[in-house]
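Q: Just a sequence and a predicted model for now, questions to come.
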Amino acid sequence: QVQLVESGGGLVQAGDSLRLSCAASGRAFSHYFIGWFRQAPGKEREEVAAISWASGSPYYADSFKGRFSISRVKNTVYLQMSSLKPEDTAIYYCAAKEYATAAYKYWGPGTQVTVSS
């Protein structure tokens, strides 16, 4: 059974950096893709970035190119966020899917990121 657990959220000031972690366990992830999503209050969930477990190739949604960076070390996927803005305040989730064209099937409980001005 796939388990994803996010950590690293917290309260930071505008302009700060923060690194989120997503610990993955439960099976071999060799053909999986891990994605980071976020949902701000009153807004729909949006995809931030994703990474191929096998190749390490990253994908970024256009809005997040430049300030956000996704990477994987062993069974943990990281989301490095820099130059944070108050509008980055959201619950950040990681999710897993088995293939690039599949829907995300497994989700973590999320971690809260709050950016104060």
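A: Right, received. Where do you want to start? Numbers count the residues shown, from 1 in each chain.
Q: Model confidence for the spatially most central residue of the chain, exactly?
A: Centroid-nearest residue in the chain, with CA atoms, centre = their mean: residue 36, separated by 2.5 Å. Per-residue pLDDT puts residue 36 at 98.
Q: if I pick it, what's in contact with it?
A: Residues near residue 36 by CB atoms under 8 Å, 6 or more residues apart in numbering: 20, 22, 47-50, 68, 70, 77, 79, 92-95. Bear in mind the C-beta positions are built from the backbone N, C-alpha and C, glycine included.
Q: What is the most widely separated pair among those residues?
A: Greatest spatial distance among these (CB to CB): 68 and 95, at 15.7 Å.
Q: quick one: terminal-to-terminal distance for stretch 34-47?
A: This stretch, stretch 34-47, spans 11 Å end to end (CA to CA, to the nearest Å).
Q: Now do the buried residues in it.
A: 34, 35, 36, 37, 38, 47 (16 or more other CB atoms under 10 Å).
Q: Would you mind measuring from residue 30 to residue 4?
A: For residue 30, the distance to residue 4 equals 16 Å [CB to CB, to the nearest Å].
Q: show me where this structure has strands.
A: With DSSP state E as the criterion, the chain has strands at 3-7, 10-13, 18-25, 33-39, 46-52, 58-60, 68-73, 76-81, 90-97, 106-107, 111-116.
Q: Neighbours of residue 111, how many?
A: 22 (other CB atoms under 10 Å).
Q: Distance of it relative to residue 117?
A: 21 Å.
Q: now do residue 4
A: Applying CB to CB to residue 4 and residue 117 gives a distance of 31 Å.
Q: Who has more neighbours out of these two?
A: Each of residue 4 and residue 117 has its neighbours counted (other CB under 10 Å); residue 4 has more, 20 against 9.
Q: which ones are touching residue 100?
A: Going by CB under 8 Å, 6+ apart, the list of residues near residue 100 reads 33, 52.
Q: Run a quick check on residue 38 versus residue 93, I expect a contact.
A: Yes - the criterion here is CB atoms under 8 Å, and residue 38 meets it with residue 93 at 7.1 Å.
Q: what do the two both touch?
A: In contact with both residue 38 and residue 93: residue 45, using CB under 8 Å, 6+ apart.
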